Structures are given as C-alpha cells and as structure tokens.
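> 3D, please:
(chains A and B, ligands or ions: 4)
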Amino acid sequence: MTDYAFLLDLGRCIGCEACVAACKTGNELPTDLQFIQISEKSTGTFPDVTSLVLNHRCFHCTNAACVEVCPTGALYKEDGLTRLNREACSGCSYCVDACPFGVPQIYDGFSSKCDGCAEVVKAGGTPWCVKTCPNHALMYDTRENILAAAQNRLEALKGRYPDARIYGETEAGGLGMIVVMPDKPEAFDLPENPEPAFVIKAWQDLVQPVSAALTGLSIVVTGALAIIARRNHMQELARFEEDLAQREVAEATAGDSSQETTAEKEEV
Amino acid sequence: MARVKLQITRRAFMKSALAGGGGLAMAGLGAGAGLAAPPARIIDGEPGWFYRGEIKRTYNYCDMCPWRCGVIVESVNGQVYKIDGNPADPKSRGMLCARGQGGVSFMYDPDRLQAPMVRTGERGEGKFQEVTWTEALDQAAEKIQAIADEYGPESIAIFGHTSGDFWLTDYFAQAFGTPNAAKPSASLCTSPREEASTLTFGLPVGGHEPVDWDYLKCLTLIGSHIGEDSRNTLMQDYTNAWARGAKVIVVDPRMSTVASKADYWLPIKPGTDTALLLAWMNVIINENRYDAEYVAEWTEGFEALKAHVQAFTPEWAAGITELPAELIAETARVMADNAPQAVIMPGRHTTWYGNDTQRMRAEYLINSLLGAYGRQGGFYFNKSPYIESYPHPPFLVKGTSGGCSAGPSEDVANAPLPAGPTGKHRADGVREDFLRGATAMQELIDPMISGEPYPIKGLIVYGVNLLNSIPDTERTKEALKKLDFVLVIDVLPQEHVAWADIVLPEATYLERYDELWTVAHKTPYIAMREPAVEPLYDTKPAWWMARELGLRLDMDKYFKWQDIEEYLNTRLMSVGSSLDKMREQNGVIIQKGKPYFEDYGNKSPFHTKSKKIELFAHELELAGLGGLPVYEEIEQPPDGYMRLLYGRHPVHTFAKTQNTPVLHALYPENEVWINEDLAAAQGFKDGDMVWLENQDGARSGPVRVKATQRIRKDAVYLVHGFGQNAPGLSRANGKGASDTKLETRYALDPISGGAGMRVNFVHLVKEA
Ligand code: SF4
Ligand code: SF4
Ligand code: SF4
Ligand code: SF4
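Ligands and ions are numbered 1, 2, ... in the order given. Alright, predicted model coming up:
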C-alpha cells in the first residue's frame, strides 16, 4: 500500500487563503468552520522586523496521537493520512487534547478536521486546497515523491534562508504533511519534536487495554465513555481508574445516553 | 405578483415580513433561502456533492475581481457547488485565489437583490416597492428620455464597474450619445499609470502588467502588495520568480507580506517615492549602469534626463525619504546588475497623492534606462486578441470611459474631444483641470450639483459601490439628492442603492452569458462566459437590461441581435469559432502574441510621435506640467495625526465581497494598523476598539487596533471596503472603518485626472 503525503512550502506560502476558501467551498463546510488557519507572526522592532505567515492545518502524523486515543475508530489512518469518520465520533474530545498541533476541533458536538479530502481523492480528484494554491505552496503525491520534491524546494530556499529545513520526515514517526520551512520550527510555532500531549501516554497505559476490550461493545458503552471523557482531563487522569470502576454505574444509565447520541445525530 | 412596500434593507424587510405575516411574504425570499449553498454537510454525512448527480461543467471568467481568471464552474442538479481555475486559461492556469473560490458563496448570498423596485420614500431612505421588469424598464426609459429631450443625452452620466459594465458604460453609453460614462478603475485607480505609459511609450499598460515573469531576475514593487492584492496570476508568477531566486525590492511604508519575504524592504516616508526614483536614476546614470546601447537606439531625451537628475543624489533623497543613502544606492545597483531582466512593476492602484503620473513616469524611465521593454525577462509588448465587434451603426459618441482593460488610448491632447449629439463634450473638466486620460468619475459629481459646465441630470450606476469608492461621500450624497433620476443596477443592496429611484437586480456572473473577455496579454486570448444555472430570484443580466432600455429609447438599430448567443456567435464567427467550438476547445481561444522587439522586424513597437521611448515628455512640457518628473513635497500630517493609507486583504475585492458569507468568515472586519510604540504612547493597545477621525472631523468605525511593528509612525493603514453603512448587507453592515468616508478630500492629478486619496490624515479616538 502506498503512502500519500502533502507538501507545504512555507517559503512560498504567502497567506493568500485561497486554500482555506477552496476547502470550505469544496467540502461544503459550515460558514464558521475551517480546516486551515492562516495567521502572521512578527518579531523585532520597526524597521528591523521579521514577519512570517503561519499556516496551521492537519499534519497527518504517521503515529497519530489522535488516532491512538480515539476510542471509537472515528479517526484512523489510511494511505498514510489521518481520516475522520464523523459518523463514528462520540464527541469525547480526546483527539483535541492529544494532538500535539492542536488540530482537531469539536464542531457541533463532534470532531472535525482535514481528512485529506478522502472523498475527492477517491473520486480521482486532487485535494481542493492543493488544486487551487496559486503559489504552488501545496502539493499532494506519494510520500516518496513529496519527499523528493521537498528536497528540491529546500535547495531553492537555502539560497535565501540558510536555516531552511524539512520538517516531518521523521517527526512523530514521519508526518503526512512534509513542511519545507525557511526557519526553525519554533519560528513557526511548531514543536521541534512533536510529542503527543501527555494524555496519550496515560491513555496508552491505562485505557488502551480497556478500549480494546470495549471494541466489540455497542455504542452504549461508547456513549458512557463519552460522558466520562467530557470531564476535565487533568482531574480525570488522576481519577481514571476510579472512574473506570464506576463504569457499571454509567452503564446502568447507558440506555438514555445512547438515545441522546442518536437523536443528536439525526437532528443535525 | 405580490406588491409589497418594503425597506430595501433586507433585515428590516425580513422583520416587516415576519411582523406582517403571510400576506407580506415574498416568493423570492423563501426560494432564496432554500437555495442558499448547503452548509454543514460535515454533520449529516451526505456524500460529497460530486456524488449527488451528473456534474455539469460550464466555462466562465471570474468576476470576483477585475483580473478575470478563466474558470470552470461545476454544478449538480441545478446547484453550483465549486469553481476552479480553467487549466487552459492564460490567467488562472487552473488555480484561483480565495475570492475566486468564494464565487459560489457570492452567488448564494441570501442578501441579494431579488426583484426590480421603485422608490416610495425619499432618496436615501431606502423605501421601495417591488414592480415587474416591464414597469421598471418603462419608467426608467421614460425618465431617461425626458432628460435627453430637455438637456441632451450628454446629461445622463453612466458609471460602471465589474465585467458587465461593457453593456452600460461602453455599448449603451456610446449608442445613446453620452460622453459622461466613467469607471472607477480609471480615475480612482489606474489612470496615472496608463497616462504615464501612453506619454512615454505611446502604449497603455493594459490589463495585466506585462512583466515577463518567467525570465525575471529583479523585481521592484512600489506600494504594490502582491499576495494581499491577490491577483491570481501575479501571485503565481511572483512566487515562482522569488523561489527561483529573483531579487525582490519592496518600497512600502508598511511591511506588506511581500515585503516580509523581500531581499530589500525600503520603509519609505509616504509621498516621497519620486525622490527615491530620481536618486535611483542618478546612481544608474552617473555610475554608467544604464543600457547605453538600448538608450541610444530606443529612447529620446536622455541628455536632458541626465542633466536633470544630477542634483538628485542618494544623499539628497535620504533626507526626504528617510531611507539610508547607502540602501538607495545599493538597490539601484542590484537593479542594474540584473538588467534588462529587472523591472519596477507599474502596479495598479496608482492614485495616491495627486502627482501620480509623474511618479509613474519616473518608474518607467528607470525601466527604460535598464533596457527592460521588449526584452526577454523585462517587459513584453502585450497585444489584444483579434476579433470583430458585432456589426452596428456608428455610435453617437466615442467612448472615453477607459478602465483597466481599455485599448490603447490615442494622443487625446491633440485630438478634438469627442462630443455628444447636442455638441457637448465630457463635463469632467478635461483640458482645463487636467490634461488627458479617461473620463474622471469623481469630476462628474460637481456638475451634478452646480450644473457647470452643463447640468448632469440623470445617473445610471452599474456595479459601482458609489459611496464606498468615490472620495468625499457627502458631496456624492448631495449630488444624488439633486439628480432628476437615479437608476441603480446591482447584485447586492449596497449602500447607494438606497438613493436609487429604480433598482434593477442583476444576475451574477454564474447565472448569465456575457460579453467575451478580450484583453491584451502576452498570448492574446478570448474567454467566454456562459450560465451554470438559471438566475436566482427575478434577476436579469446587464446585456438584457441594456437592450431592453435601448429598445424603449429608439435605439433598435444598435440591438439587432435577438439574444446574446446570436451576438456572441456572430462575433466569434470572425475568428472562425462559435460558442460550441469554444466549449470543445477548453473555453478559450489563444492567439499568437508579439512580445519582443524581434517580433516587429524593423518597425518600432512604440507608438509615440518619435516612435521611441520619450524620456522627455514634450506634451507635458508644452502644457507646463514638466517634461521630466520632479519631486514635489506634499502636505504632512498635522501634529497628532497620521496619514491614512489603505490597501487590500487577500480575500476581499473593493467594497464588493465583504458580505460574501465564505469570505466574510475569513476576514469579517478590517483593522487599523498603527505602529505599536506609537499606539502605546497614545494609550492604545492591540485589539482596542477605536474610531478614526480625519482632519475635517469625519469619523468612521468602530474599528479594531492592530498595533504592530510593521508600519511607520507617520501613517496608519486600513484594508479598503469596510465600514459600509448598508443595513441590507447583513454581514458587512457597520463592520470596521471606511477609508473612503475618511477621504473627505483628494488631490486631482493635473495630468491624468486621477483622484489622489492618500492626502487625508486621521487620529484614533477612544470608542465612545
Ligand atoms: S493557498 Fe497556498 S499560498 Fe495561499 S495560504 Fe494556502 S498554502 Fe499559502
Ligand atoms: S472526539 Fe473522540 S471519538 Fe471523536 S474523533 Fe476525537 S477522539 Fe475520536
Ligand atoms: S486536504 Fe481537503 S480537507 Fe484537508 S485542508 Fe485541503 S481541502 Fe481541506
Ligand atoms: S484573481 Fe481571484 S478574484 Fe480575481 S479573477 Fe482571478 S480568481 Fe477571480
């Protein structure tokens, strides 16, 4: 199976937001939801100012923290990219807290993020954002080709920016978004080593085994987990085992929560 | 048909519809709401739109800005879902900017005008009654005829903007016989660069600045902010050149995005650009860095120029521009080292300080010294595509509305001014108040008030956001009160719509056929526009309105065609094509250009009298306006005030897209950029809400403070197009501050008639 990847060239990205508008339109996103955020970051004092365009979007980590914590399988890896099936999402928001880049957002009760235009690509198209980027700051191809292209972009960038580098070749097990950047990751508010938020470790130690055991169970249990999960994570981790012990209690009322979940989905 | 007395303001209208109950409900509104682009698919898990039925693809050219990228519109089951670049189009090359992507949202904006209306209240009150097209057109024609009968057709002014303006501002105006047709893209935007170009080369700049990007080695931008001004092709070409390692020099009082990536940023004191340009010439000439062979062969007036610039040393300019002399000299050398693949790009909006044609000439003189014109990697010679007009009897008056896609302007100074049927020529004061160029829109306002040189009694406004583009809005309102008749054609209930007697709602570019797009380019080409879907509501295209008005005004002989397809096919026949053929050939017809000197044999590509580049402009010298550019000091802000500068945001165009749902979501309101230290000294911080007040006490706001190190202390900056006072625009109304409303004065360019608008000063006032 071939892994695919995106290229984001922050040398070229000029912050024009064509990608944002294309994504919103092509994916019919609600007006107040967007999967790419463009912003600026300036340092220095006039006239010695450095100003960078920040381009915040899903990095499609190979070892994706969001996928690891997702108890329902709503988030999953496919072709090297991180997909999201909102139909399966319980809204627990674990992914929101786990993502080292702060990408998933809860929109109308459920997780939402770039899925790499899964449907478009399956229909033989190019992701909307890539298709329109007027500055050729975006590419989509096999991960191998993207890495090669990134090398070329890097060479071009080094003439102007000696600190230029490629980000995402190995970070977080390799990202599905290979970023060519003129400066260090910190300059772009990106972690040098994208460590999943600490919650994921606790999750792997504590919950994953339980989660695996739950896989075969119905949405009823998931609904119960969702109730647990909505609590503050800090407190929750401290009390996790206790909470799990109380699962029976939750299960007792699970019938209701299951109905709620279904109803919510139908309503919207 | 429902006859409803409604406020034009959509909000108020909806309120009244609700309050009044079912009897007041308008069929159009319900339909519109239902047809709005489907939001929130993400929630209901429906398959992507491209799985919902057969995808219909239609060809079009984008109307979200004046650039007009070729697009392919995709619709399914009568609903438009997506617009992408047409890969065969020389401008889009398959890509679009954010605004182009927002076209779907523009079309499905539920605030759109939905049916023809006539005014029932006072002008400006915004009270209208819905009528049928027949009633609206009959009444409009009657009013226009009455004015023409009493004062002559010259007394009807026609203002037009956006791509359908051809039908009113060009075709109808010339057939009807009014020389007072004007476009904001001329005297409120490009006139200085066009007149400077015609004076120097005998050629206009034309639509697309003819930079030969693929081979460019050094780009200089003076105030142009590529990327914020998101003209698609420019972004593509600029970024490719930049990535290839072309040197980029940006002169801007504000660190624009493009300045932040430039090799040199020159944060110049506003209004001193010509001093910098003269100093650059001084270095290039005195250090013998100019292209001597080219200058000898292709230019005239070099010795005079050389003598002229002797005093303008980098040290002299440093004191004026507040830039280090060494930086001035160094950047001149960088340009020269890369010549002739080095250009100062003309830019588009060049009406700044009133002395703008001279500044533009100074830019062109440097480009000429560097030998850039007609050379690979410099400037190519653009060419308009060959195609015949639809045959029609001679027009009653020659068109002078100009605009960004105007053909070569003739040597107007020596030709008699075109007059209308009753012998009157343009009322904008050309030849008296300014020398030449396209009709100056802002200069037609006074005649509406004063009746001098003759009365202008009627006004047709097509797609111009009148109160958010022409400076001195109070004067414009006074004129609107005085007029006998105001006809407004628009897609949206813009601010000035409230001042109309009759409102005609237009179908958007996605819902109509239109005139072919033919613009000068490296590869001349023709693009087509066809409807993707039927017009929403009770809206019609401008070609239909122009024709219907014409038929009612005894202009039948100009409107022989029965429908637009016949019109277009007749024109296309002259190039051996048709709409059907174009559809088979990717929607564009591409012709061969003549970009370089080699393509002209032993003929000169320059159309000046001397057939050379006229470094010294005899026409200007004769008119007492100076054959060579000089630096003139402009008024400086009074104590406590900053100069008001304005520009663009990448997701917005003019005062047109602020209400478009998808684009509004990305940048809902503008901010006032102010130097962070200065803001702090004045007690303001980032995010504060303030009002802006200008030297005459005009206020606009409230607007958010963007305290930043990216701007000088003597200027503030606003993105244009916000601060609209149009309650019918449910999203844009009252958001941010309006630069136009703070431009209570402007400086008339004595050469081009351009309205220099960066001569206003503001200070921040705490929100009351
Ligand atoms: S479209 Fe391209 S250049 Fe524009 S913001 Fe997106 S990635 Fe950056
Ligand atoms: S919110 Fe919870 S269930 Fe939904 S995708 Fe994120 S982790 Fe998975
Ligand atoms: S890949 Fe698709 S979903 Fe992701 S940001 Fe681009 S357009 Fe949006
Ligand atoms: S530059 Fe953008 S808005 Fe302008 S025509 Fe092209 S796509 Fe449309």
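> mind listing what the residue of chain A most remote from its centre touches?
Distance to the chain centre peaks in chain A at A:P47, reaching 36.6 Å (criterion: C-alpha atoms, centre = their mean). Taking C-beta atoms under 8 Å, 6 or more residues apart in numbering or on different chains, we find A:P47 in contact with B:M255, B:W265, B:P267. In this view, the C-beta of every residue, glycine as well, is placed from N, C-alpha and C.
> and with 6 Å instead?
By C-beta atoms under 6 Å, 6 or more residues apart in numbering or on different chains, A:P47 lies in contact with B:P267.
> Tell me the spacing between it and ligand 1.
A:P47 sits 25 Å away from ligand 1, going by C-beta to the nearest ligand atom, to the nearest Å.
> show me where pLDDT drops low in the stretch 51-200 of chain A?
The stretch 51-200 of chain A contains residues with pLDDT under 70 at A:196-200.
> Please, where are all the strands along it?
Ranges of strands in the stretch 51-200 of chain A, per DSSP state E, counting those that start in this stretch, are A:75-78, A:81-84, A:105-107, A:110-112, A:138-142, A:165-167, A:177-181.
> Quick one, which of those strands gets closest to B:D149.
With C-beta to C-beta, the closest approach to B:D149 among these belongs to strand A:138-142: 60.3 Å.
> And that closest one, what's buried?
Within strand A:138-142, the residues that count as buried by 16 or more other C-beta atoms under 10 Å in any protein chain shown are A:L138, A:M139, A:Y140, A:D141.
> Would you format those as JSON lines with distance to ligand 3 included?
As requested, the buried residues of strand A:138-142 are exported to JSON lines (distance: C-beta to the nearest ligand atom, whole Å):
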{"residue": "A:L138", "distance to ligand 3": "8"}
{"residue": "A:M139", "distance to ligand 3": "12"}
{"residue": "A:Y140", "distance to ligand 3": "7"}
{"residue": "A:D141", "distance to ligand 3": "13"}
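> ok, of those, which one's closest to ligand 1?
A:L138 (5.0 Å; C-beta to the nearest ligand atom).
> got a list of what that closest one touches?
A:C129, A:V130 are the contacts of A:L138 under C-beta under 6 Å, 6+ apart.
> at 8 Å what do you get?
With C-beta under 8 Å, 6+ apart, A:L138 has these contacts: A:F6, A:L7, A:L8, A:D9, A:C19, A:P127, A:C129, A:V130.
> now do B:R119
B:K127, B:F128, B:A500, B:D501, B:I502 are the contacts of B:R119 under C-beta under 8 Å, 6+ apart.
> Determine whether any part of stretch A:163-181 lies close to chain B.
No: residues of stretch A:163-181 are not located near chain B by C-beta under 8 Å from any C-beta of the partner chain, the shortest gap being 10.4 Å.
> Just give me how far that stretch sits from the chain centre.
15 Å (C-alpha atoms, centre = their mean, to the nearest Å).
> Residue 72 - how many residues pack around it?
I'll assume chain A. 22 (other C-beta atoms under 10 Å in any protein chain shown).
> nope, chain B please
21.
> what about the helix or strand hosting it and chain A, any contact?
When elements are assigned from DSSP states H and E, B:I72 belongs to strand B:70-76. No: Strand B:70-76 lies out of reach of chain A by C-beta under 8 Å from any C-beta, never closer than 9.5 Å.
> Could you tell me the average pLDDT over whichever helix or strand comes after that strand, please?
Next in sequence after strand B:70-76, counting helices and strands by DSSP H and E, comes strand B:79-85. What strand B:79-85 shows for mean pLDDT is 97.
> related to what we said a few turns ago, which among the buried residues of strand A:138-142 are in contact with ligand 1?
Contacts with ligand 1 within the buried residues of strand A:138-142, as defined by C-beta under 6 Å from any ligand atom: A:L138.
> Tell me the spacing between the closest residue to A:V121 other than its chain neighbours and ligand 1.
Spatial nearest neighbour of A:V121, excluding adjacent residues (C-beta to C-beta, 6 or more residues apart in numbering or on different chains): A:P127 at 6.6 Å. For A:P127, the distance to ligand 1 equals 11 Å [C-beta to the nearest ligand atom].
> got the residues of the stretch 151-268 of chain A near chain B?
So the stretch 151-268 of chain A meets chain B at A:R153, A:A156, A:L157, A:G159, A:R160, A:V268 (C-beta under 8 Å from any C-beta).
> List only buried entries from these.
Buried among these (16+ other C-beta under 10 Å): A:R153, A:A156, A:L157.
> Let's verify the residue lying closest to B:T744 once chain neighbours are set aside: helix, strand, or coil?
In space, and not counting its chain neighbours, B:T744 is closest to B:D696: 4.5 Å by C-beta to C-beta, 6+ apart. Secondary structure assignment for B:D696 (DSSP: H, G, I helix; E, B strand; the rest coil): coil.
> surely B:D696 meets B:K741?
No: with contact defined as C-beta atoms under 8 Å, B:D696 and B:K741 do not form a contacting pair (11.0 Å).
> between those two, which one's more packed in?
B:K741 (22 against 13).
> Identify the residues contacting the more buried one.
Counting by C-beta under 8 Å, 6+ apart, B:K741 makes contact with B:N468, B:T473, B:A698, B:S700, B:G723.
> ok, the third one to B:Q114 distance?
B:A698 sits 33 Å away from B:Q114, taking C-beta to C-beta, to the nearest Å as the criterion.
> Show me which of these two is the more surrounded one.
Per other C-beta under 10 Å, whichever of B:A698 and B:Q114 has more neighbours is B:Q114, with 22 against 19.
> quick one: that one from ligand 1, how far?
Taking C-beta to the nearest ligand atom, one finds B:Q114 at 34 Å from ligand 1.
> what secondary structure does that residue sit in?
Classification of B:Q114 by three-state DSSP places it in coil.
> Pop out the phi and psi values for it.
phi -120, psi -20 (degrees, to the nearest 10).
> you'd agree it is up against B:P535?
No: judged on C-beta under 8 Å, B:Q114 makes no contact with B:P535 at a distance of 10.4 Å.
> can the strands of the stretch 51-200 of chain A go into CSV with extra columns for distance to B:H496?
Below are those laid out as CSV (distance: least, C-beta to C-beta, whole Å):
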stretch, distance to B:H496
strand A:75-78, 50
strand A:81-84, 46
strand A:105-107, 38
strand A:110-112, 40
strand A:138-142, 40
strand A:165-167, 50
strand A:177-181, 46
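> Show me which residues of chain B are close to ligand 4?
So chain B meets ligand 4 at B:C62, B:M64, B:C65, B:W67, B:R68, B:C69, B:L96, B:C97, B:R99, B:G100, B:R231, B:N232 (C-beta under 6 Å from any ligand atom).
> any idea which of the residues you listed is closest to ligand 1?
B:C97 (8.2 Å).
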